[in-house]
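1. A predicted structure for the sequence below; I have some questions about it.
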Amino acid sequence: MFAIRPTSYGGRGCFATSEIPRGTLVHIATTPFTSVIFRDFRKEVCAYCFAYDLGRTWKVRLRGPETAGLWFCGEECRDRWVKEEDPSRELVPVLELIEQAVALARRKSQNSKVGEYDEDFVHEDFSFQSDAIDSLWKHIDGIVISASQLANPLRNPTLNNRVLALEDIEYDSARLVAVAIVRLYLDSHNTSVVPWFTWNGFCSLESHETDLINRLPALLESHIRVFIFLRAIMPNKFQPFVTTANVRAVLGREAANAFGIWQLPLSSESECLGSSIFPSGSYFNHSCDPNVMKTRIGRQMHFTTSRAVREDEELCISYGMMLTMPLQARQDLLQEQWYFGCRCGRCIAELGSEA
């Protein structure tokens, strides 16, 4: 029905291999490679089907002592999550470690009179250029490798309290990265029974780390703390995969490839409940005159043609609720959030009419 091919403007896109009628379901992204329900909503959003009932707290948890920060709208969703998302039983213990470490750090923070961090890794005069970012990450890598040689790495005076102290946004990032690291571990050991959980497929997506850090410089410090945290708490068998390169790979690709987990039915008043990465869905590029509509159904993303599509025509979606915006507002939003200037047919026509 469609093939992934290079586009004339750079990167790759989805192109129809034959005429496609309106209303045709062209693709289903079955489940995210990695996802996270934001901490503020984790008790109110089903970890499997992403159901959200206007703030109602779900009561169903995992069986046994490990809860892993997961809530479910019912036993069926819980059992399906265990069967489909963690058949290896490797993911739940890691998510539970994150919960325990964050809870412990917050109790310590409440009982401590000292500041949470003694010194930032990113100073005021930092240049935020790609080579400077690379150099800083190499420095962090050296610190963490040295600390890992200590009997208790938390005693390293350079790291101090930073290892376990995470803010909510960092907690969310840590869970997002941890899921991807577990997928990578399983992939490398040929034990992943889910074909769409491939690290190479995920890494084929474009990273926008530098663009993200330049737009939101404070995130670099947060990303470093997430890396240090995961190196401190991840079990030994995962440690070879908790590298600066892999953490950066996840967070850099999440920047421009993530699909928000939005409250349904979708409207301008909907809450964004979390973030998910569907590598196959990320090949649908943006157009301000899209011919494909994306719809979340449970934890799946469905892509359906909104009009008839010609053979060899690119299949495009809208990246956000912007289609009623004027030209410049759309351009500004796409540049700020997705780091490109749109040159779809609609934008080119509107630019020409303004000339």
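-> The structure has been received and is ready for your questions.
2. Tell me where the model's unsure across the stretch 1-150 of the chain.
-> Counting by pLDDT under 70, the stretch 1-150 of the chain contains low-confidence residues at 112-119, 146-150.
3. just the strands in this protein please.
-> Here the chain has its strands, by DSSP state E, at 2-6, 12-16, 25-29, 34-37, 259-262, 272-277, 285-286, 292-297, 300-305, 314-317.
4. and these as TSV, adding mean neighbour count and distance to Val144?
-> (Glycine included, C-beta is placed from N, CA and C.) Formatted as TSV, those follow (neighbours: other C-beta atoms under 10 Å; distance: least, C-beta to C-beta, whole Å):
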stretch	mean neighbour count	distance to Val144
strand 2-6	13	37
strand 12-16	20	35
strand 25-29	17	34
strand 34-37	24	22
strand 259-262	19	31
strand 272-277	21	25
strand 285-286	20	37
strand 292-297	16	37
strand 300-305	19	36
strand 314-317	21	39
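5. Quick one, which of those gets closest to Pro326.
-> strand 285-286 (16.7 Å; C-beta to C-beta).
6. and the spatially closest residue to Trp58 that is not a sequence neighbour, how many neighbours?
-> Closest residue to Trp58 apart from its sequence neighbours, by C-beta to C-beta, 6 or more residues apart in numbering: Trp71 at 4.3 Å. Here the count is done by other C-beta atoms under 10 Å, and Trp71 has 23 residues near it.
7. Next: Ser318.
-> With other C-beta under 10 Å as criterion, Ser318 counts 19.
8. Apart from its chain neighbours, what residue comes closest to it?
-> Using C-beta to C-beta, 6+ apart, the nearest residue to Ser318 is Pro290, at 4.7 Å.
9. per-residue confidence at the one you found?
-> With respect to pLDDT, Pro290 scores 98.
10. Distance-wise, check it relative to Lys138.
-> In this view, Pro290 and Lys138 are 41 Å apart by C-beta to C-beta, to the nearest Å.
11. which of these two has more neighbours?
-> The neighbour comparison of Pro290 against Lys138 (other C-beta under 10 Å) goes to Pro290, with 21 against 11.
12. show me the residues around the more buried one that make contact.
-> Shown in contact with Pro290 (C-beta atoms under 8 Å, 6 or more residues apart in numbering): 306, 316-318, 323.
13. Any chance of JSON lines for the strands of the chain, columns distance to Ala132?
-> Formatted as JSON lines, those follow (distance: least, C-beta to C-beta, whole Å):
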{"stretch": "strand 2-6", "distance to Ala132": "31"}
{"stretch": "strand 12-16", "distance to Ala132": "30"}
{"stretch": "strand 25-29", "distance to Ala132": "36"}
{"stretch": "strand 34-37", "distance to Ala132": "28"}
{"stretch": "strand 259-262", "distance to Ala132": "30"}
{"stretch": "strand 272-277", "distance to Ala132": "27"}
{"stretch": "strand 285-286", "distance to Ala132": "30"}
{"stretch": "strand 292-297", "distance to Ala132": "36"}
{"stretch": "strand 300-305", "distance to Ala132": "36"}
{"stretch": "strand 314-317", "distance to Ala132": "35"}
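14. Mind checking those for the one nearest to Asn236?
-> If you check each of the strands of the chain against Asn236 by C-beta to C-beta, strand 34-37 wins as the nearest, at 21.6 Å.
15. contacting residues around the closest one?
-> Contacts of strand 34-37 (C-beta under 8 Å, 6+ apart): 45, 47, 50, 172-173, 175-177, 179-180, 183, 250, 261, 273-277, 299.
16. Okay, the residue positioned nearest the centre of the chain and Val36: tell me how far apart.
-> Centroid-nearest residue in the chain: Glu254, 4.0 Å away (criterion: C-alpha atoms, centre = their mean). Counting by C-beta to C-beta, the gap from Glu254 to Val36 is 9 Å.
17. Give the intersection of the neighbour lists for the two.
-> 176, 275.
18. burial of Arg183, as a residue count?
-> That count, for Arg183 with other C-beta under 10 Å as the rule, works out to 23.
19. That one is in contact with Pro32, isn't it?
-> No: using C-beta atoms under 8 Å, Arg183 is not in contact with Pro32, being 10.2 Å away.
20. correct me, but the residue nearest to the centre of the chain touches Leu176?
-> Yes: if you go by C-beta under 8 Å, Glu254 and Leu176 touch, sitting 6.4 Å apart.
21. Now for the two: what residues contact both?
-> Ser275.
22. so where do the helices sit in the stretch 201-350 of the chain?
-> 209-215, 218-233, 244-257, 327-338, 345-354 (DSSP state H, counting those that start in this stretch).
23. Generate JSON lines for those, with distance to Gln100 and mean pLDDT as supplementary columns.
-> Converted to JSON lines, the helices of the stretch 201-350 of the chain look like this (distance: least, C-beta to C-beta, whole Å; pLDDT from 0 to 100):
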{"stretch": "helix 209-215", "distance to Gln100": "29", "mean pLDDT": "95"}
{"stretch": "helix 218-233", "distance to Gln100": "8", "mean pLDDT": "93"}
{"stretch": "helix 244-257", "distance to Gln100": "20", "mean pLDDT": "96"}
{"stretch": "helix 327-338", "distance to Gln100": "34", "mean pLDDT": "96"}
{"stretch": "helix 345-354", "distance to Gln100": "49", "mean pLDDT": "89"}
